[in-house]
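Asker: Fold the following.
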Amino acid sequence: MRRRTQIVLAITFMVAVLVSLFSYLHISYLLLQEITTARENTSNLASELAFLADEATPDLTSTRINTSNPVAVSRAITYYLSTDTDLNAMVQSMTGNWSMIYDVAIVGADGKAILHSNPDLVGKLVAERPDFQQLQTARFRRQLRMGYNPPTVYEVRIPLELNGAPFGSVRLGISTVFLRHEITPRLRDEVIFSAIAILLSLILAAGLSRIALGPLEHLSHTLDIVSSGDASAVEEPESSKDEYGLVTLKIAHLGRQMRDTREIFSALKDNVDQIMANLQDGLMLFTPDSRVVLVSASVERFLGRPRHDLLGHTVKELFSSDSPLGALVLDSFQLRHGVAQREVEAASGRRIHLSLDFIQERGTSIGALLTFRDAESVRRIGDEIETSRRMSASSRITRGVAHEVKNPINAIVLHLQLLRNKLQETDPDTRRHMEIIGDEIHRLDRVVQILVDFARPRDLLLEEIDLRRLLEDVAVLAQPDAEQHGVTIARALPSEPLRVRVDTDFIKQAMLNVVLNGVQAMPGGGFLNITVRRLDDEIVTEICDQGGGIPPEVQEKIFELYFTTKKEGSGIGLAQAYQILQWHYGSIEFETVPGKGTKFRLRLPALEPGSIASGQASRTLSTTATVAERGA
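Answerer: As a prediction, this is how the structure comes out:
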């Protein structure tokens with residue numbers, strides 16, 4: 001809305017409020033006046049009735065009535081009042097002559113009607129009704145509610161003294177239905193008059209404001225152009241000597257600066273949004289008054305709330321002192337003291353690393369930056385880096401040792417064969433020792449060959465497959481071993497395809513190694529559960545056994561080559577699985593509870609749905625990957 005329009009509306013609104021206020025006061029005074037007049041008239045009528053009642057009662061001392069007997073006196077007065085023609089005529093005529101009066105009654109001290117405009121109520125108790133004074137003393141809006149709500153009969157009552165003693169009262173009932181029939185016409189006229197006055201005041205105020213603010217119209221139009229971002233359309237005034245010209249010139253210059261700033265800000269905002277969307281760490285940027293102005297997408301995982309619910313809120317609105325995380329953040333903001341890397345527990349129960357830095361410029365705080373990191377992810381990445389470093393170092397040593405040992409073994413085998421040929425006749429003991437030497441040399445050669453195979457570069461034949469079918473094949477291959485151990489393999493596979501690009505043989509070998517490891521961990525039988533699901537951009541396969549679990553003291557070593565806890569184990573299976581998953585840019589991790597079992601979790605990058613065209617054959621790609629390259 002333009003500034004000129006805002007000013008015109010403000011002036012018009014102010015005039016309308018003043019006129020409305022005066023109209024309100026006038027109508028409220030009119031209503032009070034009408035109600036007061038009604039009470040005065042009713043009180044006068046009640047006084048006339050009291051006077052007639054007094055006139056209708058003779059001096060009882062000149063009669064044979066025993067004036068010392070109150071009952072006899074009351075009975076006599078009641079008789080005289082009920083038989084007085086003028087008094088009865090006035091009681092009956094009041095409801096017809098006065099439209100607001102609902103009923104008229106002369107009530108004795110016992111509360112029973114001596115005379116009543118309704119003959120059926122004579123001699124009966126008269127019900128108590130609210131005093132008309134309540135309506136008269138109420139405020140304007142309450143008077144309207146009392147007068148125009150469901151019909152009510154109010155009462156005007158004056159005491160009645162007869163024969164020199166209190167006798168009863170004169171009661172006149174005023175119905176709000178009758179009363180508003182009297183008042184509504186005048187109120188309606190006043191409301192119409194007030195509405196016309198308000199309308200005329202609005203028109204007059206708008207016209208005068210428009211005339212007074214006419215010179216600002218061009219300035220308002222110029223501001224609208226600048227606000228829309230089209231600063232190039234603003235024309236500089238030919239003369240800039242007067243105040244109007246100077247303001248227009250400054251607006252033109254300001255418009256060009258705003259356009260340039262908007263372009264820079266737009267480009268910067270797009271870059272920041274892209275960076276914040278891709279960050280794995282959760283970042284929250286606060287203003288000096290502790291209000292959130294920037295949130296990364298990862299914060300949703302840590303706080304469990306969408307980004308749009310966080311922006312614009314203060315730190316006290318987002319965090320609660322009931323949780324360790326909230327208490328730490330609130331205390332730090334209150335004390336204006338930063339927090340170094342600290343591990344805390346979030347409301348969801350997950351462990352996170354938190355850091356808080358207060359940003360200052362020239363000694364003045366200009367905001368704060370709150371950072372979240374997944375503690376488990378940090379530990380897992382650290383473990384993977386350490387394992388990769390160890391395997392990389394082990395692979396380099398293994399290649400060197402295997403190369404140095406292979407040649408002597410070949411020479412020993414050759415010379416042993418020559419020695420056998422030269423010794424045509426040997427005694428049994430010599431032949432037995434030579435066979436033992438030969439068997440041990442061949443066994444050592446197989447060990448060296450395994451080292452060579454584990455460390456040498458491999459060609460990966462990548463193809464796009466449905467991981468569900470591969471897991472079905474792995475279950476079939478592991479079934480014989482499972483039956484020997486009394487283990488039942490249970491599979492829970494989703495209905496939709498899970499597409500991955502892998503070397504089928506290597507991934508099948510890695511999955512089979514983990515499955516067989518789980519089967520061998522249950523010598524007494526049990527269930528081995530295989531589940532797979534898509535999680536964001538990963539395909540997660542979980543293999544859960546019911547074995548004895550992995551002892552805490554050896555958990556850091558299970559992926560090391562030749563490490564095993566089994567008597568007949570080779571220590572190669574899990575190390576090979578770890579290596580194969582790294583070749584495919586995946587990972588393997590585990591959760592274990594001693595005495596209850598172990599769950600291995602294998603992650604592989606997922607293909608986007610629809611990335612494979614219908615009817616298109618899976619492409620076979622070849623790439624060279626080494627354990628040293630993947631582990632570095």
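Asker: which residue ranges form the strands in the stretch 1-150 of the chain?
Answerer: Taking DSSP state E, counting those that start in this stretch, the strands of the stretch 1-150 of the chain run over residues 101-108, 113-116.
Asker: Out of these, flag the one nearest F358.
Answerer: Nearest of the strands of the stretch 1-150 of the chain to F358, taken as Cβ to Cβ: strand 101-108 at 76.2 Å. Every residue, glycine included, has its C-beta placed from N, CA and C.
Asker: buried set for the closest one?
Answerer: Judged by neighbour count using 16 or more other Cβ atoms under 10 Å, the buried positions of strand 101-108 are 101-108.
Asker: Pairing partners for that strand, with directions?
Answerer: Each strand that pairs with strand 101-108, with its direction, by DSSP bridges: strand 113-116 (antiparallel), strand 165-175 (antiparallel).
Asker: for it, what is the average pLDDT?
Answerer: For strand 101-108, the mean per-residue pLDDT is 86.
Asker: Could you measure from V104 over to S332?
Answerer: V104 sits at a distance of 80 Å from S332 (criterion: Cβ to Cβ, to the nearest Å).
Asker: Point out the most buried one among the strands paired with strand 101-108.
Answerer: Highest mean neighbour count of those: strand 113-116, a mean of 23 (counted as mean count of other Cβ atoms under 10 Å).
Asker: What lies in contact with it?
Answerer: For strand 113-116, contacts defined as Cβ atoms under 8 Å, 6 or more residues apart in numbering pick out 78, 81-82, 87-88, 91, 103-108, 121-126, 168.
Asker: what about 7 Å?
Answerer: 78, 81-82, 87-88, 91, 105-108, 121-124, 126 (Cβ atoms under 7 Å, 6 or more residues apart in numbering).
Asker: Just the buried residues of those.
Answerer: 78, 81, 87-88, 91, 105-108, 121, 126.
Asker: Specify which member of those residues is nearest to N149.
Answerer: Distance to N149, by Cβ to Cβ, is smallest for V126 among the buried ones among the contacts of strand 113-116, at 23.6 Å.
Asker: Tell me if I'm right that that closest one and V104 touch.
Answerer: No - in this structure V126 lies outside contact range of V104 using Cβ atoms under 7 Å: 11.1 Å.
Asker: Tell me where the stretch 201-350 of the chain has helices.
Answerer: 217-228, 243-278, 299-303, 315-318, 324-335 (DSSP state H, counting those that start in this stretch).
Asker: burial of L144, as a residue count?
Answerer: L144 has 16 neighbours, counted by other Cβ atoms under 10 Å.
Asker: and it, how far is that from L87?
Answerer: Per Cβ to Cβ, L144 is found 37 Å from L87.
Asker: low-scoring pLDDT stretches of the stretch 201-350 of the chain, where are they?
Answerer: Residue ranges of the stretch 201-350 of the chain with pLDDT under 70: 209-245, 247-248, 265, 268-280, 347-349.
Asker: picking that back up, mind putting the buried ones among the contacts of strand 113-116 in CSV, distance to Q509 included?
Answerer: Listed next are the buried ones among the contacts of strand 113-116 as CSV, based on distance: Cβ to Cβ, whole Å:
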residue, distance to Q509
T78, 119
L81, 120
L87, 121
N88, 120
V91, 115
A105, 109
I106, 114
V107, 110
G108, 114
L121, 107
V126, 105
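Asker: just curious, which of those residues is nearest to Q136?
Answerer: Comparing those against Q136 with Cβ to Cβ places A105 closest, at 20.9 Å.
Asker: Quick check, the closest one in contact with R171.
Answerer: Yes - A105 lies in contact with R171 (Cβ under 7 Å); the separation is 4.8 Å.
Asker: which neighbours do the two share?
Answerer: Common neighbours of A105 and R171, counting by Cβ under 7 Å, 6+ apart, are V126.
Asker: how far is the longest helix along the chain from where the chain is centred?
Answerer: If you go by DSSP state H, the chain has its longest helix at helix 3-56. On the basis of Cα atoms, centre = their mean, to the nearest Å, helix 3-56 sits 51 Å off its chain's mean C-alpha point.
Asker: now it and strand 101-108, what's the angle there?
Answerer: Here helix 3-56 runs at an angle of 40 degrees relative to strand 101-108 (axes from the mean of the first three to the mean of the last three Cα atoms, to 10 degrees).
Asker: any idea of the mean pLDDT for helix 3-56?
Answerer: Taken as a whole, helix 3-56 has a mean pLDDT of 79.
Asker: next one: stretch 132-144
Answerer: pLDDT averaged over stretch 132-144 gives 80.
Asker: how distant is that stretch from the center of its chain?
Answerer: The answer for stretch 132-144 is 48 Å, by Cα atoms, centre = their mean.
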